[in-house]
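# coordinates only, sequence not included:
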């Protein structure tokens, strides 16, 4: 039995070794001329400065939570610390390499598209492999250390979730504060182009791509990855003994091997189109995992049911990604329609963008519910409900089994974006920038797809963890006719709205700080506009860092305190209602905000390609408004929903023993 | 026993007589000079043209639904027809009088504020009294006719809901198509002021105020009013026999008397401030009803429990109204902040407006859940859950007991708005317009409060009807751990997003038609800009009418078909989940959209009052963008959510017998 877990741990090690191999391959590449190295150095230092500041907050946070978790048991505390440290390690490693890969991608673009794509994608793959490698390694080690007592593993999931909160919410605020600040003063007021080195916020903006889109996305999917496996383990062991745990662990292990194969094939692909090369790897990884799922299912369980549940999850993940592309790419009617509406001004641009975002919730929800139904009933949920819930958690594991390559494809985007920025700031030839622009534009599409995937996986993971929660608090039913469940549901559904409001407001506050600093530098530093005075990049980096961490506190505290408080006051059933309310409304808002934002962005790009009067025309001005509104939508508030719903669910799961014993204080009073 | 229902019917008749008295008082007022009469005539004819067109659609709709309802029983069919006809009658009567009161208010403004307020408010009171009078009369008659078989009364509620769909959604599209069309071409392109008679869409715009804000709001609250009482009756009879029905009916009857007293006192108030005069009447009506609730509770049940449930609902209604004012009035920080953000342009105006809307969901949700908890537990829900649900339905009845004066205060707004338009178009002296402007501005606040109240009442009514649904399909529990419940919940939560997208899109389509027509008239009618050529107002009226009814079909069909289809496919428990999902996400979106819209509107007005550069400045231009986005938010999509959630719930309730017998087709297949 332990042998399979050792095997999983080994797969984790293989992933980490593969990541190290890719990292050393990237390091060996030429980083270009001195100017390029200088700029890349600023970005690297800025990213590390953010991490350093973040770690100071994290240290306090981890110590505090660890202490609190001792109430539940030292094993959970240990798991928590390990989950947090592993997530931090993955983020640190990924960012280190990403901030090396960016300049090397720019330099490789001198030799052509394929070479540049390989470096950027390998950079992303380091993040991807670190996520899955450390994730599975941590879970396997804890399983072995605690001798199969899987409930202790929820602490690991909580650790992952906590770091995701800092990385995704803080990172999201960081990146948009820098972006909006750089644009508002640089582009609009001073009239200098994007990525111009005279703009003091330009480095913070490029750091933001790494902080938000590499580390933030990585931590988000680390959380989903770990959460889905933990849920499958906790349900599986109760239902099927060790086999119930072996299947998801081995499946995840196979997924890692599939991802390594896919990444290798993408990297050696002869495809001219970067998108096709990336798709090829993804399909191969998915296909390999799927075949293995059937073999594992037949071997372990003696039938194909579990494999079908896995396949359902895998399909939902791919389909949500695809449909996201349709709503947010300039090749389809939705974005074209927003561009056309921009001809009547910013108001109609905004209305149609919001309408597209709201409309775009329809199909993903249908995919998700079909996935739920298939994975539940295929496992025999009609006869044994808990077995059906295990099926849902297997679907989540299935969807996330290819996380390694999904993160790779996704993190490739900001690296390519950075490469473009470095090329611009180093005045590299036009041909180089054409290549980085092409890579960047593919990166925008993969980013939209990645966001869809992250939302879908958050939904399934949270539902799977919800099933584990119900098991943990010994609820056979959570009754909607119980008004406390309704109360929980209402409060839960409201929280994503509140969270969205707070994070949007935070971006506004942080961007205001940035605007003031950029204006000050333009005014006070002599020769800055002529290129003779040197902007104080590090001051802007410091502002984004400080603001991001400051603004993250309130929403973060809410996400942790509300579930515990609600559970203690109103009991386990109300808390169950809250989780479901938060998941449903959080998923919908996340889809709406991400897709509105993506569609506005690409509507602007579509107009810039020469439609409706092109760049600088009336429609373009209107589209810029939509794009600016879309920035916090798609890069801060939308993705933060994923964290919110998973974090609240895992907090409920970890604190389940406490709530089970002491929960429902108000309820007891009311019943009298 | 029958005597109490005859008494209720009598109160209904009293309300109608009081409405007739007010109507004849208004008719006797002087309608001003020929120019005023001419313009008022256009508005009146336009409103009637909309009603006539609407009735043609309605006739087909009513015949079709009546035929389908024969499946359930002829009694339900009869109830449905009566509910539809009574709602139509209330809307027709209210609009007739409102389109007389507008011009008489303008004329009365020559003699001063108090006289003008009295006419406008009396005009609104006619709508309010028609709503409550016809509502209680219909229910009492059906109760007596069917000898206390209260399940038949659900048909009456469905009739009310169906008309509300046409009136609120169709009306909402009508009014914003006209408004946006008139503004975009008139104000922006041709540079003529608001309410200028040279604008061909100006009459349609004024008609829209009546169609959307008088008839639409009236039908919305007619639906809530009837729905809450029906729910209390169906639960009450099951639990407590006839007493369970007598209490809510008598409470509603007393509420009517309270409203009549309140209206009379408001009308004879010596208050200089119109807002204070309206508040006074509302508080008196609420206070009188509350005292009566305690007397009734003691007399009928022998204790005060039911009265406390009623008080909880009444309080929630008033508090939600109040808090709405804080988020949407220019006197408070939220609107001021949006105005300030407008200094950085339209994007920051939009972001902060959306953030305010999302943030504003927090407190109302807390009010609603506290109302649920109090009314449930006070009735002993801890011991007897169904009794607790009856408590929730009593809270809904309590909240809606003062509907008579709430609608009056709310419908007063568009009458005052119309009066201002007529004063402008008839070139009445500046002093007159100052008075109508003051009345209009108070009307904006009462409209925002009324919207909050309508949302809160929709939430409680839908929850009460949901409890009746569960009773009707014999579900003791709706289990969230059943994946079909989760599936229903997800689909239900998605529907308001879809509905919002469709209705916003509809406004866009309808406004486009209007823009084209107005442009055509400006181009083709000679002397139109000089005031010598006469605009073809009726063509614009026809376009708004046609577009509103055309665009209403798809969302309307969805609201009716989806619950039945989902119930038939996945069974009663999934449908229960769908209702709750739709109610929670619908309420949240409604609050967000209404409050964002209201806040944007008043941020613009705040700037127009001279702040941040005043009218025509940079901040003002940005604020106009927010205001335009807010138009479909607050007047079409937001209020449509109320209809959606109530209509879907009542459809589920009416079709409960069918779904109970044939539902779950897919479920049966899956279980095999």
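Looks like it came in fine. A quick note: this is a predicted structure, and the numbers were derived from the prediction, not measured.
# From now on I want contacts and neighbour counts done on CA atoms only, so please keep to that.
Will do.
# Now do the contacts for the residue positioned nearest the centre of chain A.
When Cα atoms, centre = their mean is applied to chain A, the residue found nearest the centroid is residue A:217 (3.1 Å). By Cα atoms under 8 Å, 6 or more residues apart in numbering or on different chains, the contact list for residue A:217 reads A:168, A:407, A:411.
# tell me which of these is nearest to chain B?
residue A:168 (19.3 Å; Cα to the nearest Cα).
# and the residue in the stretch 1-150 of chain A positioned nearest to chain B, how far is that from residue A:229?
At 21.4 Å from chain B, residue A:150 is the closest residue in the stretch 1-150 of chain A, using Cα to the nearest Cα. Distance of residue A:150 to residue A:229, given as Cα to Cα, to the nearest Å: 11 Å.
# Settle it for me: which of the two has more neighbours?
Neighbour comparison, residue A:150 and residue A:229: the larger count goes to residue A:229, with 31 against 23 (by other Cα atoms under 10 Å in any protein chain shown).
# tell me which element the more buried one falls in.
With elements taken from DSSP states H and E, the one containing residue A:229 is helix A:217-240.
# what's the pLDDT at the residue nearest to residue A:238 when sequence neighbours are not counted?
Spatial nearest neighbour of residue A:238, chain neighbours left out: residue A:244 (8.0 Å); criterion: Cα to Cα, 6 or more residues apart in numbering or on different chains. pLDDT recorded at residue A:244 is 92.
# Let me see the ranges of the helices in the stretch 301-450 of chain A.
Along the stretch 301-450 of chain A, the segments classed as helices by DSSP state H, counting those that start in this stretch run A:305-328, A:333-341, A:346-359, A:362-378, A:385-400, A:403-425, A:430-472.
# which strands and helices sit next to the helix or strand harbouring residue A:144?
Secondary-structure element containing residue A:144, defined by DSSP H and E: helix A:113-145. Judged by 3 or more Cα pairs under 8 Å, 6 or more residues apart in numbering or on different chains; DSSP states H and E, the packing partners of helix A:113-145 are helix A:2-27, helix A:74-108, helix A:217-240, helix A:242-267, helix A:403-425.
# tell me what the second one is packed against?
I take that to be helix A:74-108. By 3+ Cα pairs under 8 Å, 6+ apart, helix A:74-108 packs against helix A:2-27, helix A:34-69, helix A:113-145, helix A:154-164, helix A:217-240, helix A:403-425.
# what angle do the longest one and helix A:403-425 make?
Angle between the axes of helix A:34-69 and helix A:403-425 is 140 degrees (criterion: axes from the mean of the first three to the mean of the last three Cα atoms, to 10 degrees).
# Average pLDDT for helix A:34-69, rounded please.
91.
# repeat for the last one
Model confidence over helix A:403-425, given as mean pLDDT, is 92.
# Distance from that helix to the middle of the chain?
Going by Cα atoms, centre = their mean, to the nearest Å, the spacing between the C-alpha centre of helix A:403-425 and its chain's C-alpha centre is 14 Å.
# just the angle between that helix and helix A:242-267, please?
Using the same axes, to 10 degrees: helix A:403-425 against helix A:242-267 is 30 degrees.
# what's the lowest-mean-pLDDT helix or strand in chain A packed up against?
Here the helix or strand of chain A ranked lowest by mean pLDDT, DSSP states H and E is helix A:665-671, holding a mean of 80. If contacts are counted by 3+ Cα pairs under 8 Å, 6+ apart, helix A:665-671 sits against helix A:537-570.
# next helix or strand past the helix it packs on?
Next along the chain after helix A:537-570, with elements defined by DSSP H and E, is helix A:572-608.
# any idea how far the closest residue to the residue of the stretch 1-150 of chain A closest to chain B other than its chain neighbours lies from residue A:656?
The shortest distance from residue A:150 to any residue other than its chain neighbours is 5.6 Å, reached at residue A:234 (Cα to Cα, 6+ apart). Computed with Cα to Cα, the distance linking residue A:234 and residue A:656 is 13 Å.
# Which one of those two is surrounded by more residues?
Neighbours were counted for residue A:234 and for residue A:656 using other Cα under 10 Å; residue A:234 has more, 28 against 25.
# quick one, what contacts the more buried one?
Applying Cα under 8 Å, 6+ apart, the residues near residue A:234 are A:150, A:151, A:245, A:468.
# Recalculate using a threshold of 10 Å.
By Cα atoms under 10 Å, 6 or more residues apart in numbering or on different chains, the contact set of residue A:234 is A:148-154, A:241, A:244-245, A:390, A:393, A:465, A:467-469, A:471-472.
# Over to residue A:233?
Going by Cα under 10 Å, 6+ apart, residue A:233 touches A:139, A:143, A:148-151, A:153-154, A:227, A:239, A:241-249, A:390, A:393-394, A:468.
# Tell me which of the helices of the stretch 301-450 of chain A sits most buried.
Scoring these by mean neighbour count under mean count of other Cα atoms under 10 Å in any protein chain shown gives helix A:385-400 as the most buried, with a mean of 32.
# Which strands or helices does that one pack on?
Under the contact definition 3 or more Cα pairs under 10 Å, 6 or more residues apart in numbering or on different chains; DSSP states H and E, helix A:385-400 sits against helix A:217-240, helix A:242-267, helix A:274-301, helix A:305-328, helix A:362-378, helix A:430-472, helix B:483-524.
# Would you format those as TSV with distance to residue A:159 included?
Listed next are the helices and strands packed on helix A:385-400 as TSV, based on distance: least, Cα to Cα, whole Å:
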stretch	distance to residue A:159
helix A:217-240	9
helix A:242-267	19
helix A:274-301	27
helix A:305-328	25
helix A:362-378	27
helix A:430-472	15
helix B:483-524	27
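# Go through those and name the closest to residue B:47.
Across the helices and strands packed on helix A:385-400, residue B:47 has its closest neighbour in helix B:483-524 (16.8 Å, Cα to Cα).
# ok, and does the closest one reach over to chain A?
Yes. Against chain A, helix B:483-524 shows contacts by Cα under 10 Å from any Cα of the partner chain at B:483-505, B:507-508, B:512.
# what about the closest residue to residue A:414 other than its chain neighbours, neighbour count?
Setting aside the residues directly before and after it, residue A:414 is nearest to residue A:209 in space (Cα to Cα, 6+ apart), at 5.4 Å. The criterion is other Cα under 10 Å. On that basis, residue A:209 has 27 neighbouring residues.
# same check, this time on the one 3 residues further on
For residue A:212, the neighbour count with other Cα under 10 Å is 25.
# In terms of helix, strand or coil, where does it fall?
Of the three states, residue A:212 takes helix under DSSP: H, G, I helix; E, B strand; the rest coil.
# pLDDT score for it?
So, for residue A:212, pLDDT stands at 87.
# isn't it right next to residue A:167, touching?
Yes. The pair residue A:212 / residue A:167 is scored as a contact, 7.1 Å apart, by Cα atoms under 10 Å.
# isn't there a helix covering residue A:477?
No. Assigned with three-state DSSP, residue A:477 falls outside any helix and is coil.
# Would you mind measuring from it to chain B?
5 Å (Cα to the nearest Cα, to the nearest Å).
# swap in residue A:496?
In terms of Cα to the nearest Cα, residue A:496 sits 9 Å off from chain B.
# follow-up on the earlier one: TSV please, covering the helices of the stretch 301-450 of chain A and showing distance to residue B:416.
What follows is these, written out as TSV (distance: least, Cα to Cα, whole Å):
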stretch	distance to residue B:416
helix A:305-328	43
helix A:333-341	33
helix A:346-359	27
helix A:362-378	40
helix A:385-400	57
helix A:403-425	55
helix A:430-472	47
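# how about those helices, which one is nearest residue B:188?
Here helix A:346-359 is closest among the helices of the stretch 301-450 of chain A (Cα to Cα), at 12.7 Å.
# Could you check the pLDDT of the residue of the stretch 1-150 of chain A closest to chain B?
For residue A:150, the model assigns a pLDDT of 90.
# How about residue A:672?
66.
# can you list the residues of the stretch 151-300 of chain A near chain B?
Counting by Cα under 10 Å from any Cα, the stretch 151-300 of chain A sits next to chain B at residue A:184.
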